[in-house]
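Asker: sequence and predicted structure below; questions after.
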2 protein chains.
Amino acid sequence: MIGREKIAEEFRLIQDHICSELERIDGKSHFIEDLWKREEGGGGRTRILSHGEIIEKGGVAFSEVYGPVSEVMRSQLGLNGKEFYATGVSIVLHAHHPRIPIIHMNIRYFELDSGEYWFGGGIDLTPHYVDEELASSFHEKLKKVCDRFEEGSFERFTDWAHRYFFNSHRKESRGVGGIFFDHLSEKESVSKVDIFSFCLELGNLFPIAYQEQVEAGKNLPVLENEIFWRNIRRGRYVEFNLVYDKGTKFGLLSGGRVESILMSLPHSAGWEYNFQPLPGSEEDKTLRLLREKKFWIG
Amino acid sequence: MIGREKIAEEFRLIQDHICSELERIDGKSHFIEDLWKREEGGGGRTRILSHGEIIEKGGVAFSEVYGPVSEVMRSQLGLNGKEFYATGVSIVLHAHHPRIPIIHMNIRYFELDSGEYWFGGGIDLTPHYVDEELASSFHEKLKKVCDRFEEGSFERFTDWAHRYFFNSHRKESRGVGGIFFDHLSEKESVSKVDIFSFCLELGNLFPIAYQEQVEAGKNLPVLENEIFWRNIRRGRYVEFNLVYDKGTKFGLLSGGRVESILMSLPHSAGWEYNFQPLPGSEEDKTLRLLREKKFWIG
């Protein structure tokens, strides 16, 4: 049986690998690292790349936290148990360029003192301007990894992502989706090691998938109104993270480190009252696509 | 007994008065009005002043909504009853100038079919840079109105504001506070009319209190790092509104109009990872004041 020490160790290595790949993709800036401790148990290493050539603000965080399940965790997060253990890697990258999407990845492992455990995670893409071919290509890469893991898992996880990464109040998806999964534990056909390997494969896929998006967007010309629109879209990203995101909620309620939890928020964002794109514009097309449910492939 | 039609009518007049005063204070831009209807009952008139001389983005909204208490309102807002009625005026103003505070006001009336009713509201000030004299002067104005309403109410309501307008995850106040109250209904010493008049007096005070802040700040020179800091502070304002604010939560959960509810969010805001002001700087002083509990007068 694979133990939590091994899982945390491999997650640290995934963080290392992703940071070195992202530095290569950025080509200019380097990550700075903050080590932090959690009073009730555990801590983390938060790595931030700021004001790079490509990446305006990017965070790649590893954390390993444990301790008593507090009253607020019990009532608001529904955790049953006395002691918990959680480790994971979380990433959000905001590029300068409006044609490079925001990207997010998370893989996590959770354990209770009862012996109950599960894995969760996801990868999703939030283009400021939706490019359907790039959205499909992103999903195809995810599908390959899912297909190696378990038949039908891509369809389940991409559907889950569409339901999860959704700004209900605006009736629009945060982005073009990707995959999301939670509470995965072993069953007849899938072992704990299988699930763990699947998470690691996602970690390895992440920089490859991001690089494709960067290469496609980085040399396109930028108009001023595209920066305005990028900031509007970033504002919606902020809305999702602060209103709905479970990772953010878990972090804030479990006494995590605020700056690490909120590293997902962009360097700049904006809210223009009731902004309506011109009918037929690219912005309008993006909004319409985010309001449809779309699986992008298959 | 004063009825809800009369309350809504006076609230509309308060909205008119405040809008005309704010146009005078701004001196350049005018409010645009959006009328909207709520599918389940009621609607509102949202007024926005954008890109003015003083005000970058300001909203003054009246709404009157009613209908069945939905399952989500029951479970997440704790409303007991079959039918509800709610009317109110909400204001948030973001000025361009970093030395002019963000200001918020809300007065509201709520009724259930059981006959139960209450008033709620508040005014609070969020300077990007805390000026202690201006914070005190603001509180003194509120105290005068509270003292005319009920002895001891200022102390209760300003303490309530300190608890309410608080970003728990950052352990800092949203701003210098003001007053907050909820669930006020008649009792031996205070009639329904008294509470209603108190709400109207707050509405009348609002433009006077704001004008003082504007006059004090608008001619001060602006440095680039002050704009950066203003945007950081605005980011914390966004955090409060999306994570904690009950009006926002009620609006989103009761099927209100999204653009009216989120009119409180600024034209631009920013998050810089783990920004720490220079010790002894004005930004540092502001942060320290926001981390203390302070009543500003008395």
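Answerer: On my side now, so go ahead. Numbering: from 1, shown residues only, chains lettered A, B, ... in the order given.

Asker: CA atoms for contacts and neighbours, from now on please.
Answerer: Noted.

Asker: number of residues surrounding the residue lying closest to A:L278 once chain neighbours are set aside?
Answerer: In space, and not counting its chain neighbours, A:L278 is closest to A:D284: 6.4 Å by CA to CA, 6 or more residues apart in numbering or on different chains. A:D284 sits with 15 neighbouring residues when counted by other CA atoms under 10 Å in any protein chain shown.

Asker: got it, and A:I14?
Answerer: 20.

Asker: next SSE downstream of the helix or strand A:F250 falls within?
Answerer: If you go by DSSP states H and E, A:F250 is part of helix A:246-253. Using DSSP H and E, the helix or strand that follows helix A:246-253 towards the C-terminus is helix A:258-261.

Asker: now whichever helix or strand comes after that next one: average pLDDT?
Answerer: Counting by DSSP H and E, the element after helix A:258-261 in chain order, helix or strand, is helix A:282-291. Averaged over helix A:282-291, pLDDT sits at 96.

Asker: helix A:282-291 packs against which elements?
Answerer: When contacts are defined as 3 or more CA pairs under 8 Å, 6 or more residues apart in numbering or on different chains; DSSP states H and E, helix A:282-291 packs onto strand A:172-173.

Asker: so how far is the helix or strand following the strand it packs on off the chain centroid?
Answerer: Next in sequence after strand A:172-173, counting helices and strands by DSSP H and E, comes strand A:177-184. The chain centre lies 10 Å from the centre of strand A:177-184; the measure is CA atoms, centre = their mean, to the nearest Å.

Asker: just checking, next helix/strand downstream of strand A:177-184?
Answerer: From strand A:177-184, the next helix or strand downstream (DSSP H and E) is helix A:192-217.

Asker: give me the buried positions along that following helix.
Answerer: A:192, A:194-196, A:198-211, A:213-214 (16 or more other CA atoms under 10 Å in any protein chain shown).

Asker: just the residues contacting the helix or strand just after that helix, thanks.
Answerer: As assigned by DSSP H and E, the chain's next helix or strand after helix A:192-217 is helix A:224-243. The contact list for helix A:224-243 (CA atoms under 8 Å, 6 or more residues apart in numbering or on different chains) reads A:97-98, A:128, A:165-167, A:174, A:248-249, A:264-266, A:268-272, A:283, B:239, B:242-243.

Asker: how about 6 Å then?
Answerer: Outside helix A:224-243, the residues that touch it by CA atoms under 6 Å, 6 or more residues apart in numbering or on different chains are A:P98, A:H128, A:N167, A:A269, A:G270, A:W271, B:L242, B:V243.

Asker: that helix: how far from the chain's middle?
Answerer: 16 Å.

Asker: near chain B, which of the buried residues of helix A:192-217 show up?
Answerer: Subset of those in contact with chain B: empty, counting by CA under 6 Å from any CA of the partner chain.

Asker: report the beta-bridge partner residues of the closest residue to chain B within the stretch 1-150 of chain A.
Answerer: Nearest residue of the stretch 1-150 of chain A to chain B: A:I48, at 7.7 Å (CA to the nearest CA). Judged by DSSP bridges, the bridge partners of A:I48 are A:I32, A:G59.

Asker: let me see the contact set for it.
Answerer: Here A:I48 is in contact with A:F31, A:I32, A:G58, A:G59 (CA under 6 Å, 6+ apart).

Asker: hmm, try it at 7 Å
Answerer: By CA atoms under 7 Å, 6 or more residues apart in numbering or on different chains, the residues touching A:I48 are A:F31, A:I32, A:E33, A:G58, A:G59, A:V60.

Asker: tally up the residues packed near A:H183, please.
Answerer: 12.

Asker: quick one: it and A:G121 touch, right?
Answerer: No: counting by CA atoms under 7 Å, A:H183 does not reach A:G121; the two are 9.3 Å apart.

Asker: what's A:N80 sitting at in phi/psi?
Answerer: The phi/psi pair for A:N80 (degrees, to the nearest 10) reads phi -100, psi 120.
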